[in-house]
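Q: this one's sequence-less:
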């Protein structure tokens, strides 16, 4: 009989040690080392229900290519993030804050597949079948092809999956799973790793797409061992402030598509609704007479998105002025404030500066540098930026305005939304054709750009 192993595992990062330590040597967390016991199983749970045909090494030239076949879910924003649909045998890990809408999205996705004639299985270890039914009624999910199972033992889940033979199935969540081969509690490092491993094996050997819902830690990463993200094919993060109605689905890993695409949803009483034109939503309530408000352009994958960036500058009452940035990188934000001080001549040392991207959107590309500087300058000088002006461009430490990628696509999106004037890098302007309905102004220095924006 295999001998039972005892070790201590960090519940934050998955680091293992043969003895207990107060501080994890890997992540530095205090009191995160928990004793776990693991008896090596002779056969995994998945092996009991999956054909165990052994493969053999094959020259790559002899392997037949069947082409990439994707199954369209029917939720456009989710299909976009996945790369055009779900691939046979793929494993998708979906993470996000509690209450953000992970379970809602998965139930709606499975219902859409069921309505398209697919047989799908939704497994929940957190809710009873009756609770899922009540949520399904609220969301309008009731397709005949949607099967529901309330279970958290891995062996039973795989046995039922082998009987139902679904075209796709969801496990919500991996932290509630447990396998009888490991004596530790559900949610422990060993259980999470073993559960995910068995689900991946099931997906690869049967060709069934599997969606795994995962909890996140307080710093926003998937709870459990870091290896969990390496085991799956796609990792999706569901982002958004619970105070806002908008949710953003972002791929941080995708073996079958781009990691630059995002999907935008709006949370309503009847579930998540797709936002097919995010630019109009993010600019819908923008006022034209307020200082510190600037329209900027960002690109997520193949989609240009117009957003409103706001700044507030007020005299400080303390020795050290406050700097707060929501939706933009804080380091980049402070760097641009230094450029405004040194290269443009705005004296911000005695001012508190606050910056926010409206709608809960997070922008991490340098094309909004010039817009951020224009917003701060507008708030500082108390001069509003015209509502029909959009600003885009990267700014260097010397105050120079550098070229940005996909400038023409951004300009066309701005023209489509009714903007009449675009401030952009001169190096981009020299390579662009004229766009009907919008005036293009090329700038090469930050002070020149602010003069063009504020007059």
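A: Structure's in. What do you need? Owing to the predicted nature of the structure, the values given are computational and were not obtained by experimental measurement.

Q: Just give the number of residues close to residue 387.
A: 16 (other C-beta atoms under 10 Å). Where you see a C-beta, it was placed from the backbone N, CA and C, and this is true even at glycine.

Q: Quick check: chain neighbours aside, which residue is closest to it?
A: residue 288 (3.5 Å; C-beta to C-beta, 6 or more residues apart in numbering).

Q: Let me know whether my guess that the one you found is in a strand holds.
A: No. Assessed with DSSP: H, G, I helix; E, B strand; the rest coil, residue 288 is coil; it does not lie in a strand.

Q: Who are the contact partners of it?
A: Contacts for residue 288 (C-beta atoms under 8 Å, 6 or more residues apart in numbering) come out as 384, 386, 387.

Q: how near is residue 210 to residue 157?
A: 11 Å (C-beta to C-beta, to the nearest Å).

Q: now swap in residue 175 and tell me
A: Counting by C-beta to C-beta, the gap from residue 175 to residue 157 is 14 Å.

Q: Neighbour count: those two, which is higher?
A: residue 157 (25 against 21).

Q: how about the more buried one, secondary structure?
A: Criterion first, three-state DSSP; result for residue 157: helix.

Q: ok, it to residue 163 distance?
A: From residue 157 to residue 163 the distance is 11 Å (C-beta to C-beta).

Q: Kindly point out which residues are neighbours of both of residue 210 and residue 157.
A: Taking C-beta under 8 Å, 6+ apart as the contact rule, the neighbours common to residue 210 and residue 157 are residue 171.

Q: Now do the helices in the protein.
A: 76-82, 102-115, 129-139, 154-164, 189-206, 227-231, 278-282, 330-339, 369-381, 407-416, 426-429, 446-454 (DSSP state H).

Q: Relative to residue 358, which of the contacts of residue 288 is nearest.
A: Distance to residue 358, by C-beta to C-beta, is smallest for residue 387 among those, at 14.0 Å.

Q: Backbone dihedrals for the closest one, please?
A: Taking degrees, to the nearest 10, you get phi -70, psi -20 for the backbone angles of residue 387.

Q: My understanding was that it contacts residue 294; is that so?
A: No. Distance between residue 387 and residue 294: 10.1 Å, which falls outside the contact criterion (C-beta atoms under 8 Å).

Q: what residue is smack in the middle of the chain?
A: In the chain, the C-alpha nearest the mean C-alpha coordinate belongs to residue 250, at 2.6 Å (C-alpha atoms, centre = their mean).

Q: Go ahead and confirm that residue touches residue 262.
A: Yes. At 5.0 Å, residue 250 and residue 262 qualify as touching, with contact defined as C-beta under 8 Å.

Q: Need the overlap of contacts for those two.
A: residue 81.

Q: Which strand in this structure has the most residues?
A: Secondary structure of the chain read by DSSP state E shows that its longest strand is strand 303-315.

Q: Return the residues in contact with the closest residue in space to residue 186 that isn't next to it in sequence.
A: Spatially, and ignoring its direct neighbours in sequence, residue 186 is nearest to residue 178 (4.2 Å; C-beta to C-beta, 6+ apart). Residue 178 sits next to 152, 153, 154, 185, 186, 191, 195 when contact means C-beta under 8 Å, 6+ apart.

Q: Quick one: these as a markdown table, columns for distance to residue 443, neighbour count and pLDDT too.
A: As requested, the contacts of residue 178 are exported to a markdown table (distance: C-beta to C-beta, whole Å; neighbours: other C-beta atoms under 10 Å; pLDDT from 0 to 100):
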| residue | distance to residue 443 | neighbour count | pLDDT |
| --- | --- | --- | --- |
| 152 | 59 | 19 | 92 |
| 153 | 63 | 15 | 93 |
| 154 | 60 | 27 | 93 |
| 185 | 60 | 11 | 79 |
| 186 | 58 | 18 | 85 |
| 191 | 57 | 25 | 86 |
| 195 | 55 | 28 | 91 |
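
Q: Throw these into TSV and include distance to residue 136, thanks.
A: Converted to TSV, the contacts of residue 178 look like this (distance: C-beta to C-beta, whole Å):
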residue	distance to residue 136
152	20
153	23
154	24
185	30
186	25
191	28
195	25
